[in-house]
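**Student:** predicted structure and sequence below. I'll ask about it afterward.
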Amino acid sequence: MSEKQPEINYIEELKNICGTVLLNEPMSLHTSFRTGGPAEVFIKAESTENIISAIDIAKKYNKQYIITGNGSNILVKDGGIDGIVINIGNEMSKIKCDGTKIYAQAGAMLSALATAAADEELTGLEFASGIPGTVGGAVFMNAGAYDGEIKDVIEYADVIDSEGNTHRLIKDELELSYRHSVIAEKNMIVVGAMFNLNKGIKKNITDKMADFAKRRRDKQPLNYPSAGSTFKRPEGYFAGKLIEDSGLKGKTVGGAQVSEKHAGFVVNIGNATSSDIIALMDGCIETVYNKFGVKLEPEVRILGKDL
């Protein structure tokens, strides 16, 4: 009884601060790959204070914690995640416009942010309209597509540091580069961000968004679960072309496949496990390196433990 009591206590404490606390929650329900074992505890954060309190509880009971958003750039291993998953989603998704500036909480979808900007006749976020992630995740990894990336439009981000303190980091302090930020480096948590845009013509903005959406539909395997581009772009190369030129297009491991439509995507074509996906990714890395001497790096973040 005494061994179990702390577990009960920490879950009860989480329930006191958070509206949604789920136990042994399948992460396959919360990732775009649709794979992954259970999270020991999964909570939906409702405010910055909520997140800080949850981290305090995790530290008090010596529990690991992981922050997630829409789950569109993570792969959770089949053994799941020990400790607490703090999800920043719909409950923290407010967007507010003020002139040419637009502020979004970390749980807001990028597509919603881009649409809100278009409604206000603000240009600069068209590139983000088809990226299936949240604002927090986008700032964390300096997300980009087509003709833009987050560093082109961000003014500042509100973050929580590893000690539970809040800060406002201006653009230069974020150290944004290709799929990198100081936030990722220093294990910070994005809770919101301000974007500085320009006035535009609404039809031009929506036409550009529609063009990007068409290009995405034409070139990307949107009909299968995936985490978008599986690998980072190696300097001087394109990951998808290296994989295709290695003869790996269409290769499968279990239910995972190198997409026949775009070799830069590993997709779940039916009941793939995370182990299938990781094995296929490892095979791509090894084959491309042996053939071209280029080491591919995953763009997708791999979390959790093996079965």
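**Tutor:** Sure thing, it's come through.
**Student:** so what's D161 up against?
**Tutor:** D161 makes contact with H167, K186, M188 under the criterion Cβ atoms under 8 Å, 6 or more residues apart in numbering. (C-beta placed from N, C-alpha, C; glycine too.)
**Student:** hmm, try it at 6 Å
**Tutor:** Going by Cβ atoms under 6 Å, 6 or more residues apart in numbering, D161 touches M188.
**Student:** pull out the buried positions in the host helix or strand of I57.
**Tutor:** Assigned by DSSP states H and E, I57 falls within helix 48-60. For helix 48-60, the neighbour count (16 or more other Cβ atoms under 10 Å) marks T48, N50, I51, I52, S53, A54, I55, I57, A58 as buried.
**Student:** please look at the fourth one and N165 and confirm they touch.
**Tutor:** So that's I52. No: the criterion here is Cβ atoms under 6 Å, and I52 misses it with N165 at 8.6 Å.
**Student:** is it true that L23 lies in a strand?
**Tutor:** Yes: under DSSP: H, G, I helix; E, B strand; the rest coil, L23 falls within a strand.
**Student:** now it: closest residue in space, sequence neighbours ignored.
**Tutor:** Closest residue to L23 in three dimensions, ignoring its sequence neighbours and counting by Cβ to Cβ, 6 or more residues apart in numbering: V41, at 6.1 Å.
**Student:** count the residues that sit near the one you found.
**Tutor:** V41 sits with 27 neighbouring residues when counted by other Cβ atoms under 10 Å.
**Student:** again with G264
**Tutor:** In terms of burial, G264 registers 26 neighbours under the definition other Cβ under 10 Å.
**Student:** check the one 3 residues further on too.
**Tutor:** When counting by other Cβ under 10 Å, one arrives at 27 neighbours for V267.
**Student:** tell me what the helix or strand just after the helix holding I57 is packed against?
**Tutor:** If you walk from helix 48-60 toward the C-terminus, the next helix or strand you reach (DSSP H and E) is strand 65-68. Counting contacts by 3 or more Cβ pairs under 6 Å, 6 or more residues apart in numbering; DSSP states H and E, strand 65-68 is packed against strand 81-87.
**Student:** so what strands line up beside the strand it packs on?
**Tutor:** Strand 81-87 has its sheet partners listed here by DSSP bridges as strand 38-44 (parallel), strand 65-68 (parallel).
**Student:** and it, how far from the chain's centre?
**Tutor:** The chain centroid and the centroid of strand 81-87 are separated by 15 Å, computed with Cα atoms, centre = their mean, to the nearest Å.
**Student:** stretch 138-147 too?
**Tutor:** 10 Å.
**Student:** run through who's touching that stretch.
**Tutor:** Under the criterion Cβ under 6 Å, 6+ apart, residues 110, 127, 131, 149-151, 157, 176, 179, 181, 183-184, 190, 193, 212 lie in contact with stretch 138-147.
**Student:** so how far is the first residue of it from its last?
**Tutor:** For stretch 138-147, the first and last residues are 15 Å from each other (Cα to Cα, to the nearest Å).
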